[in-house]
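Trainee: here are the coordinates; sequence isn't available:
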């Protein structure tokens, strides 16, 4: 079949695409930014259509010739109008699918009762009804908690259980739910590409176990080999307060934790298992909760987490690409630019750069980075706890703490875009250059302020830049000069996947005139001016207006 997958940069979509390919289907991915899929190991095996689900013309073009369309779009955070945005996108997609003659739409929604829904669960139910009421046969799969390495639900469960041996818990931990393993979710999704009957209805899908959240925490601790957790229920914590607590204790920020927590206040148990009429259970049965936890922990230990909840775009995070120096002709940019000669090979330096963040940290004042991460979480941001998908290798679209990878040029350049809460846009560039036969580490912190608050933010933090950014070149160089990056704390490094980027190539020589700060001010009319030097002590700095 010709299958279209929306949300291919997200947790489910990023895993569904290779499963469909392995099943022999032709796959087209519809994404807002084609560059986000560039480094996926399967990128060369799929078509990529760049369109937004609210764009009727672009969506219609993306659906041309498609048999089965998978709709995996849902806002997990955002502002007050998220429900209207979800409604508009679903209605646009449904109309375009009908016009294109799509045979079936498959939507993954949430398992919930008919009444008393949270705003997010109500929105997901509404999207399902839009598809069921359209002119295209639709299959709506309704799942509760999805257990798999890297899923938001699993990460929340994992960190709450591991970090809190004694827990005072709200009432929602006593609500029954029916978790399902990510492998079974993917099996259901893939199977509907081959079902020939005309079907237009919703199906409840869940694993074999019905548990409370407290039961799941106890079961997780048993599988993970942790001492038995003490759970003390209290009636005072509302879902809103609970989500902030989850945001502080786990990597899942409050904006994403809240809809997850709110969905747990209702019993989410399958009322039917009619899906087996079309997709029979496997001979060995559905995966139980304990086995799904064990599989997820094994994936984490082996560093084989294919996608994470943070793979999807973070609501409210900046998405503007870095304005290139020659083309930038509007607004202001502030830049802190530094460089340092490194007595190591370009490859050794690149290995340090590509492994930055996560469990290895940022090579300068860990307390300052942790404080900035905590401040970000207190105002609803993602903070530092997102970590990394893979401790050694990065690809475009990966999250690295409160940054997201905007560009990777193996062996030469890593550009990170900030996703912390800021009055402006920020980037951090780390690069390897060759100058007169020597290896040079270059680093640029770039900030594009918005309004007076943005300018005040930059200047108020300027005194700390020398402490934070000034120490990074020295420590990065020292790590590279030690000869090799130490083994990751967990598991074994993952071998490059099929189709992955080639190993880091040696950095190319660059003209001496460009080995310092890039001379951003050479473009007539450019408001950025650059002053600085390439120095061996890492103290070459630049402030721009």
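Mentor: Cool, got the structure. All values derive from a computational prediction rather than experimental measurement.
Trainee: and residue 273, how many neighbours does it have?
Mentor: Here the neighbour count serves as a burial measure; for residue 273 (other Cβ atoms under 10 Å) it reads 13. From N, CA and C alone the C-beta is placed, and that goes for glycine too.
Trainee: same thing with the one 3 residues further on?
Mentor: Neighbour count for residue 276, taken as other Cβ under 10 Å: 10.
Trainee: Show me what the host helix or strand of residue 231 is packed against.
Mentor: Under the criterion DSSP states H and E, the helix or strand holding residue 231 is strand 230-233. Judged by 3 or more Cβ pairs under 8 Å, 6 or more residues apart in numbering; DSSP states H and E, the packing partners of strand 230-233 are strand 166-169, helix 213-223.
Trainee: deepest of these, which one?
Mentor: When you average the neighbours per residue for each of the helices and strands packed on strand 230-233 (mean count of other Cβ atoms under 10 Å), helix 213-223 leads with a mean of 19.
Trainee: hang on, residue 64 in a helix?
Mentor: No. For residue 64, which was evaluated using DSSP: H, G, I helix; E, B strand; the rest coil, the result is coil, with no helix membership.
Trainee: Offset the numbering so it begins at 58, please.
Mentor: Understood, numbering begins at 58; the last thing we discussed is residue 121.
Trainee: Spatially nearest residue to it (excluding sequence neighbours)?
Mentor: Spatial nearest neighbour of residue 121, excluding adjacent residues (Cβ to Cβ, 6 or more residues apart in numbering): residue 157 at 5.6 Å.
Trainee: just residue 92 next, same as before
Mentor: Leaving aside its sequence neighbours, residue 92 sits nearest to residue 453 (Cβ to Cβ, 6+ apart; 6.0 Å).
Trainee: what are the bridge partners for residue 495, then?
Mentor: With beta bridges defined as DSSP bridges, residue 495 has these partners: residue 492.
Trainee: where's it relative to residue 504, distance?
Mentor: 29 Å (Cβ to Cβ, to the nearest Å).
Trainee: Looking only at neighbour counts, state which of those two leads.
Mentor: residue 504 (22 against 13).
Trainee: Check which element follows the helix or strand harbouring the more buried one along the chain.
Mentor: Residue 504 is part of strand 495-506 when elements are defined by DSSP H and E. Secondary structure here is assigned by DSSP H and E; on that basis, the next helix or strand after strand 495-506 toward the C-terminus is helix 508-525.
Trainee: How many neighbouring residues does residue 177 have?
Mentor: Around residue 177 sit 23 other residues, with neighbours defined as other Cβ under 10 Å.
Trainee: Relative to residue 184, how far out is it?
Mentor: 11 Å.
Trainee: and what of residue 173?
Mentor: In this view, residue 173 and residue 184 are 18 Å apart by Cβ to Cβ.
Trainee: now the helices and strands packed on strand 287-290 in a markdown table, with mean pLDDT and distance to residue 402?
Mentor: A markdown table is the format used below for these (pLDDT from 0 to 100; distance: least, Cβ to Cβ, whole Å):
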| stretch | mean pLDDT | distance to residue 402 |
| --- | --- | --- |
| strand 223-226 | 79 | 49 |
| helix 270-280 | 91 | 43 |
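Trainee: any chance of these in a markdown table, plus distance to residue 476?
Mentor: As requested, the helices and strands packed on strand 287-290 are arranged in a markdown table below (distance: least, Cβ to Cβ, whole Å):
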| stretch | distance to residue 476 |
| --- | --- |
| strand 223-226 | 29 |
| helix 270-280 | 28 |
